[in-house]
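>>> Predicted model follows, preceded by the sequence.
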Amino acid sequence: MAGKKDKGSSIELTTKQRRFADMILSGDAPSLVAAYREVYECKGDTPKQKKSQTNEASRLWHHPGVRRYADEWRAKAEANRVRREVGERERVRNRLWNEADSADKASDRINALRLLGQHAGMFTDKVEIKTDDVMSDAEVLAEIELALRNAVDVSVSSSTNEPSKAEVPQDFLDDDPDGYLM
């Protein structure tokens with residue numbers, strides 16, 4: 001074990017490793033193998049050589065240093081995207097304020113103010129959810145069990161004692177049973 005190099009300890013990437021990762025992350029290469037072939041100038045087209053290049057590209061992409069570099073690159077790209085989005089929102093908000101302050105027509109001012117209000121969340125519907133009425137799982141099961149017992153009791157009592165037509169609600173008599181069959 002003393003002769004083996006610890007792959008996790010290599011912090012610095014070679015120029016080719018960094019270029020390989022950059023090609024993948026920026027989308028300049030359609031695949032890992034294409035990036036590997038371009039960076040390492042692979043010319044072999046035999047099936048054995050292509051398989052070897054595929055294995056090496058995969059191995060390189062899973063290299064701890066390349067993974068760490070890719071994670072840092074993605075974090076920077078996300079931070080840049082968020083910063084750019086915040087800047088654009090601020091510019092739009094400032095333009096809307098300018099429009100609201102200096103518009104010639106009242107409708108333009110109202111429209112700008114409406115958009116600013118929407119951006120601020122002033123015109124959203126708020127839905128209140130009460131948690132007092134939430135039943136526990138045991139309570140739900142007890143309600144279901146009670147409903148099933150009542151249904152069984154009704155079916156047992158109706159089979160032993162046929163109700164007269166007067167006891168049966170009129171809307172049950174009017175229903176067409178074929179309407180319920182699919």
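Done, it's in. Numbering: from 1, shown residues only.
>>> okay, CA-based contacts and neighbour counts for the rest of this
Fine.
>>> give me the low-pLDDT residue ranges for the chain?
1-11, 129-133, 154-182 (pLDDT under 70).
>>> That one: helices as residue ranges?
Using DSSP state H, the helices of the chain run over 15-26, 32-39, 47-61, 64-102, 106-120, 137-160, 170-174.
>>> my guess is residue 97 contacts residue 112, does it?
Yes: the pair residue 97 / residue 112 is scored as a contact, 7.2 Å apart, by CA atoms under 8 Å.
>>> neighbour count winner among the two?
residue 112 (21 against 17; other CA atoms under 10 Å).
>>> Residue 111 and residue 118: what is the separation?
For residue 111, the distance to residue 118 (CA to CA, to the nearest Å) stands at 11 Å.
>>> next one: residue 15
Relative to residue 118, and taking CA to CA, residue 15 is found at 49 Å.
>>> Also residue 100?
Distance from residue 100 to residue 118, by CA to CA: 14 Å.
>>> Looking at the two, which is more packed in?
residue 100 (22 against 12).
>>> Excluding chain neighbours, what is closest to that one?
Distance criterion CA to CA, 6 or more residues apart in numbering; nearest residue to residue 100, sequence neighbours excluded, is residue 109 at 4.3 Å.
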